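Asker: Predicted coordinates and the sequence they were generated for:
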Amino acid sequence: MASLTPASADTPPRSWLRWLPGLAVLRSYEAAWLPKDLAAGLVLTAMLVPVGIAYAEASGVPGVYGLYATIIPMLAYALFGPSRIMVLGPDSALAAPILAVVLGVSGGDPMRAVAAASLMAIVAGLFCIVLGLLRLGFVTELLSKPIRYGYMNGIALTVLVSQLPKLFAVPIDDAGPLRELWQLGLAVSGGKTNWHSFAVGAATLAAILLLKRFERVPGILIAVILATLAVSVFRLDAVGVSVLGEIPQGLPKFALPWLSNADLVKIALGGCAVAMIAFADTSVLSRTYAARTHTRVDPNQEMVGLGVANLAAGFFQGFPISGSASRTPVAEAAGSRTQLTGVVGAVAVAALLLAAPSLLRYLPNSALAAVVIAAAIGLFEFKDLRRIYRIQQWEFWLSMLCFAGVAVFGAIPGICLAVVIAVIEFLWDGWRPHFAVLGRVPNLRGYHDLKRYPHAALIDGLVLFRWDAPLFFANAELFQQRLMEAVRASPTPVRRVVVAAEPVTSVDVTSADMLRELSRNLAEEGAALHFAEMKDPVRDKLKRFELTEIFRDDRFHPTVGSAVEDYLESAGIGSREG
């Protein structure tokens, strides 16, 4: 919803109202928006039903629970969500990690599968709410673009492969994408395929992909309706085409999900994993549509809104949900202005469950598989990866490693691998950063890296050393090693070392102790350790770490130039600043 934080409102609402952006929009709702929101909600309903059922099946739970995961969560997000037109619901990106957990703990029992999926939604909801309240909405930004591409490509492959058995109507054991492909190949070559089911699914997939280029045409709805009519008219269910069948009449009920004799740790880890995926996708979509509507979305409130929606899903027989990259554009194209569109869609789905659940009786499962496969195809990213390979190959191979991790080990282990790689990548630049010994270059102001300017002149008895990273436990020893190497490589005995500390944005206890030891070692060799351009917060930390007795005020200089001038004056050399 539009600009729903206190900073963006004309008059700041009371503090508790900032957590209820839906009320802020309701207070400023314009009558001219109502027809557009109503019409967009009805158009959106045509997508919510087949997609919700398809993603439920892909997640390992009965199809009707996909509708349950649509109704109450969309109402909750309308109240707590900050995005103007974001549509939440079951999503293909979450299907693989949900399925990995559900299959492992349900033992083939549909009700245990539903309970496991609902528990995952509750865990995901609590995880998002806690991070949002702690204002940690930035955490998903720690995953770099190549790593996100890697795990999303892996999840896309996992989702696609998981639906192929339904498309071919052959039973396959859950054994990971590569082994499932092998089993599928053996089954197809062994003549176990139901070709009627395959024909319906393949035709549905072709229709969806062909109509996808027309943004205002509900291609999924048209394809699913045609597939359902074909099964009904030609009685294809009598020749082995599996259909959805009767779905229970009525609305989702409040329930406290619980599983006995289940791996709750696996459920908890799976819930946290889908929460991270859901927020990563939702935040990207939210920012994209906020930019289009010239509004701002608070990422912390987005996390809270997503968390409340997942809690609602978990307590009302649903499973984890996310922002939808397929349904949100439909709402936008249909003219949606506010979250009233989602409210209308949720109410319409509820009306379908109450009044006409038999309409979905002949919906073929292979057509539902085609819907998920089409969505999975849309998740793949190749174009930008080619650009990344061209400009930064090592990040491309990181992406490939994440992709392989998901494809070989499954969604949950693969995502954990992606997070570990992201942390390593985050630390690497600080762990082994660039450093430089500086000198003076004729006719060029300032002091510059000797590696780039080998002809730069050094100042007798002075080493200017620059370290291009924060100082922390992982690089403290390397800092000391590189600085002492620069001292020993000096062509003249060193009397002073000046660290150009402008890039040093932080220090920790380990690096502070290292500086104490370094200063003592340099003093034993007759040299003093000084700093130039050190930021005040970093200098405050040195004081807190009890280094003021070692590094007095005269050891700090506002610029490298003033540090050089001070050295030349104290050494009695006189200024030779170029």
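Answerer: Perfect, I can see it now.
Asker: Remind me which helix or strand residue 57 belongs to.
Answerer: helix 34-58 (DSSP states H and E).
Asker: model confidence over the first helix or strand past that helix going along the chain, on average?
Answerer: Going down the chain from helix 34-58, the next helix or strand is helix 64-80, by DSSP H and E. In this model, helix 64-80 has an average pLDDT of 95.
Asker: and the helix or strand following helix 64-80, how far from the chain's centre?
Answerer: Using DSSP H and E, the helix or strand that follows helix 64-80 in sequence is strand 88-89. Centre-to-centre, strand 88-89 and its host chain are 16 Å apart (C-alpha atoms, centre = their mean, to the nearest Å).
Asker: One more: stretch 213-224?
Answerer: For stretch 213-224 - counting by C-alpha atoms, centre = their mean - the centre lies 28 Å from the chain centre.
Asker: cool, stretch 441-455 as well?
Answerer: Centre-to-centre, stretch 441-455 and its host chain are 43 Å apart (C-alpha atoms, centre = their mean).
Asker: Give the buried residues for the biggest helix by length in the chain.
Answerer: Under DSSP state H, the helix in the chain containing the largest number of residues is helix 264-292. Across helix 264-292, burial judged by 16 or more other C-beta atoms under 10 Å covers 266-283, 285-286, 289-290. (Glycine included, C-beta is placed from N, CA and C.)
Asker: Also stretch 185-199?
Answerer: Applying a neighbour-count criterion of 16+ other C-beta under 10 Å, the buried positions in stretch 185-199 are 187, 193, 194, 196, 197, 198.
Asker: and the end-to-end length of it?
Answerer: Using C-alpha to C-alpha, to the nearest Å, the end-to-end distance of stretch 185-199 comes to 17 Å.
Asker: could you give me the average pLDDT of that stretch?
Answerer: The pLDDT scores in stretch 185-199 average 88.
Asker: Any chance you could list what contacts it?
Answerer: Applying C-beta atoms under 8 Å, 6 or more residues apart in numbering, the contact partners of stretch 185-199 are 165, 167-172, 236, 239-242, 364-366.
Asker: Tell me which of these fall in strands.
Answerer: Using DSSP state E, the subset of these located in strands is empty.
Asker: Looking at these, which is nearest residue 300?
Answerer: Minimum distance to residue 300 across those is 40.2 Å, recorded for residue 365 (C-beta to C-beta).
Asker: quick revisit: got JSON lines for the buried residues of stretch 185-199, with secondary structure and distance to residue 161 too?
Answerer: Shown next, in JSON lines, are these (DSSP: H, G, I helix; E, B strand; the rest coil; distance: C-beta to C-beta, whole Å):
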{"residue": "187", "secondary structure": "helix", "distance to residue 161": "13"}
{"residue": "193", "secondary structure": "coil", "distance to residue 161": "16"}
{"residue": "194", "secondary structure": "coil", "distance to residue 161": "18"}
{"residue": "196", "secondary structure": "helix", "distance to residue 161": "22"}
{"residue": "197", "secondary structure": "helix", "distance to residue 161": "17"}
{"residue": "198", "secondary structure": "helix", "distance to residue 161": "16"}
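Asker: what residue is smack in the middle of the chain?
Answerer: Residue closest to the average C-alpha location in the chain (C-alpha atoms, centre = their mean): residue 280, at 2.5 Å.
Asker: What is the neighbour count of the residue lying closest to residue 165 once chain neighbours are set aside?
Answerer: Closest residue in space to residue 165, ignoring its immediate chain neighbours: residue 172 at 4.2 Å, by C-beta to C-beta, 6 or more residues apart in numbering. A count of neighbours around residue 172, defined by other C-beta atoms under 10 Å, yields 19.
Asker: Quick check, residue 172 in contact with residue 182.
Answerer: No: look at residue 172 against residue 182 with C-beta atoms under 8 Å: they stay out of range, at 9.7 Å.
Asker: Going along the chain, name the strands of the protein.
Answerer: 88-89, 322-323, 435-441, 444-449, 462-467, 496-500, 528-532, 556-557.
Asker: for the stretch 201-350 of the chain, which spans come out with low pLDDT?
Answerer: Scanning the stretch 201-350 of the chain for pLDDT under 70 picks out the ranges 215-216, 284, 288-289, 291-293, 326, 330, 333-334.
Asker: Okay, helices next: where are they in it?
Answerer: Ranges of helices in the stretch 201-350 of the chain, per DSSP state H, counting those that start in this stretch, are 219-234, 264-292, 299-315, 327-333, 340-355.
Asker: Quick one, which of these gets closest to residue 372.
Answerer: Nearest to residue 372 among the helices of the stretch 201-350 of the chain is helix 219-234; the distance by C-beta to C-beta comes to 10.6 Å.
Asker: Work out the gap between the closest one and the centre of the chain.
Answerer: Remark: helix 219-234 is offset 35 Å from the chain centroid, using C-alpha atoms, centre = their mean.
Asker: With stretch 432-452 instead?
Answerer: Here stretch 432-452 shows a centroid-to-chain-centroid distance of 39 Å under the convention C-alpha atoms, centre = their mean.
Asker: got the buried residues for it?
Answerer: The neighbour-count criterion (16+ other C-beta under 10 Å) identifies 433, 435, 436, 437, 438, 439, 440, 441, 447, 448, 449, 450 as the buried residues of stretch 432-452.
Asker: Can you show me the CA trace of that stretch as CSV?
Answerer: Backbone C-alpha positions of stretch 432-452 (Å, rounded to 0.1, in the frame of the first residue of the first chain) are rendered in CSV as follows:
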residue,chain,number,x,y,z
ARG,A,432,42.2,-10.6,2.1
PRO,A,433,41.7,-6.9,1.2
HIS,A,434,43.8,-4.7,-1.1
PHE,A,435,46.6,-2.7,0.6
ALA,A,436,49.2,-0.3,-0.7
VAL,A,437,52.4,1.4,0.2
LEU,A,438,52.1,5.1,-0.9
GLY,A,439,54.6,7.4,-2.5
ARG,A,440,54.8,10.8,-4.2
VAL,A,441,54.3,11.0,-8.0
PRO,A,442,55.8,14.0,-9.8
ASN,A,443,53.2,16.4,-11.1
LEU,A,444,50.4,14.4,-9.4
ARG,A,445,48.8,15.7,-6.2
GLY,A,446,48.6,13.4,-3.2
TYR,A,447,50.2,10.0,-2.4
HIS,A,448,49.7,7.0,-4.6
ASP,A,449,50.1,3.2,-4.7
LEU,A,450,53.6,2.1,-5.7
LYS,A,451,52.2,-0.9,-7.5
ARG,A,452,50.4,1.4,-10.0
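Asker: That stretch - what's its average pLDDT?
Answerer: For stretch 432-452, mean pLDDT rounds to 92.
Asker: before we move on, what about stretch 496-508?
Answerer: 95.
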